[in-house]
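K.L.:
The following comprises the amino acid sequence and a computationally predicted model.
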Amino acid sequence: MKKPFVLFLLTVVIYLSTLSLSSCQKKSKTNNSENSTALIGTWKLLTGTIIKEKDTTVTDYTTNQEVIKIINNTHFAFLRHDLKQDSTSIFVSGGGRCEITPQKYIEHLDFCNFREWENNTFEFEYSIKEDTLVTKGIEKVTSLNVNHYNIEKYVRINQKK
């Protein structure tokens, strides 16, 4: 008689514990997404700074080219093209899954026209002040001997025109 009661009681405790844990996890995800929703949107890249060892290269992405990054809560995409409209035109694109926390923005590059960059993960710290986004992090692709610190500055593209 005691064994069935103990089993029943144990089942109820496990069930209630599972409900409690899943409830906590949902709250945690909600808090993270509330804190990081400011990152979601469409951004225009203004400048990129690459620091490799003692060399620093700053690129102005507003001259002769345009780059945008689109971020939602699960995916990102970037598109770059020059403003020439001839046979030497350049187009670069990529995207994939992303994770957003209040402190970190992590890209899992699943698609890229430079295929050797695919299947890499890049983790960035980010800050947003008014309409400006700054991301900072290491980009490392061992097979390409890429290992540098990247700082990118974006401005939010206004959805209304």
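P.N.:
Looks like it arrived, so ask away.
K.L.:
quick one, helices of the protein?
P.N.:
2-36 (DSSP state H).
K.L.:
how about the strands in it?
P.N.:
Remark: strands assigned in the chain by DSSP state E are 41-52, 55-60, 65-71, 75-82, 91-100, 104-112, 120-129, 132-141, 146-156.
K.L.:
Throw those into JSON lines and include mean pLDDT, thanks.
P.N.:
Output for the strands of the chain, formatted as JSON lines (pLDDT from 0 to 100):
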{"stretch": "strand 41-52", "mean pLDDT": "97"}
{"stretch": "strand 55-60", "mean pLDDT": "96"}
{"stretch": "strand 65-71", "mean pLDDT": "97"}
{"stretch": "strand 75-82", "mean pLDDT": "96"}
{"stretch": "strand 91-100", "mean pLDDT": "97"}
{"stretch": "strand 104-112", "mean pLDDT": "97"}
{"stretch": "strand 120-129", "mean pLDDT": "96"}
{"stretch": "strand 132-141", "mean pLDDT": "97"}
{"stretch": "strand 146-156", "mean pLDDT": "98"}
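K.L.:
could I get the ones you listed as a markdown table with mean neighbour count?
P.N.:
C-beta coordinates here come from the backbone N, C-alpha and C atoms, glycine included. Formatted as a markdown table, the strands of the chain follow (neighbours: other Cβ atoms under 10 Å):
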| stretch | mean neighbour count |
| --- | --- |
| strand 41-52 | 17 |
| strand 55-60 | 11 |
| strand 65-71 | 18 |
| strand 75-82 | 16 |
| strand 91-100 | 16 |
| strand 104-112 | 17 |
| strand 120-129 | 15 |
| strand 132-141 | 17 |
| strand 146-156 | 17 |
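K.L.:
Name the nearest residue to residue 131, ignoring sequence neighbours.
P.N.:
Nearest residue to residue 131 in three dimensions, chain neighbours excluded: residue 156, at 4.3 Å (Cβ to Cβ, 6 or more residues apart in numbering).
K.L.:
Now for that neighbour: which residues touch it?
P.N.:
41, 42, 43, 44, 131, 132, 133 (Cβ atoms under 8 Å, 6 or more residues apart in numbering).
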